[in-house]
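Enquirer: sequence? don't have it. structure:
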């Protein structure tokens, strides 16, 4: 489900001490630009914030899925944060958020963007995954949980008879 290098340990933060939605989006922006010199933290933050103004990306169950399209992005990338104390996020169920997955896609990636958003929403709709992520420590361990869950969600490949 995930493209290569979509989610990697340098873009994952576990046990973060974040106290506001704004700081959460700023931290996600910092993670996303870490390996992409063409991007600035401010421009990514502005795009994520711009998207939030259209409507909250809080999915419910303590999960947020901030996302944006950017011309400087050539391949979809993700960043994930596990927060120690949930923060208010104006989620659909009015519950605070403690798991946030941010997504950046190329400006023209309509179908890819929608497929990734749909796949991520389906993944995070699983209570077992949310609980596993909340109980996992360490960036690489969180990446492993996410990649394993994405792999399990792949439909089986049909083999010719």
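Expert: Sure, I can see it. Predicted model, so just to flag it, every value in this text is computed and none were measured. Numbering: from 1, shown residues only.
Enquirer: quick check: mean pLDDT across stretch 13-26?
Expert: What stretch 13-26 shows for mean pLDDT is 96.
Enquirer: Phi and psi next, for residue 87.
Expert: Per-residue torsions, residue 87: phi -120, psi 150 (degrees, to the nearest 10).
Enquirer: Next: residue 51.
Expert: Dihedral angles (degrees, to the nearest 10) for residue 51: phi -70, psi -40.
Enquirer: And it, how close does it get to residue 124?
Expert: For residue 51, the distance to residue 124 equals 17 Å [C-beta to C-beta, to the nearest Å]. (Glycine included, C-beta is placed from N, CA and C.)
Enquirer: Compare neighbour counts for these two and give me the winner.
Expert: The neighbour comparison of residue 51 against residue 124 (other C-beta atoms under 10 Å) goes to residue 124, with 23 against 16.
Enquirer: any idea how far the more buried one lies from residue 40?
Expert: 28 Å.
Enquirer: quick check, distance from the helix or strand in which residue 145 is found to the centre of its chain.
Expert: Here residue 145, judged by DSSP states H and E, is contained in helix 139-153. With C-alpha atoms, centre = their mean, to the nearest Å as the basis, helix 139-153 stands 13 Å off its chain's centre.
Enquirer: Which positions in it come out as buried?
Expert: 139, 142, 143, 145, 146, 149, 150 (16 or more other C-beta atoms under 10 Å).
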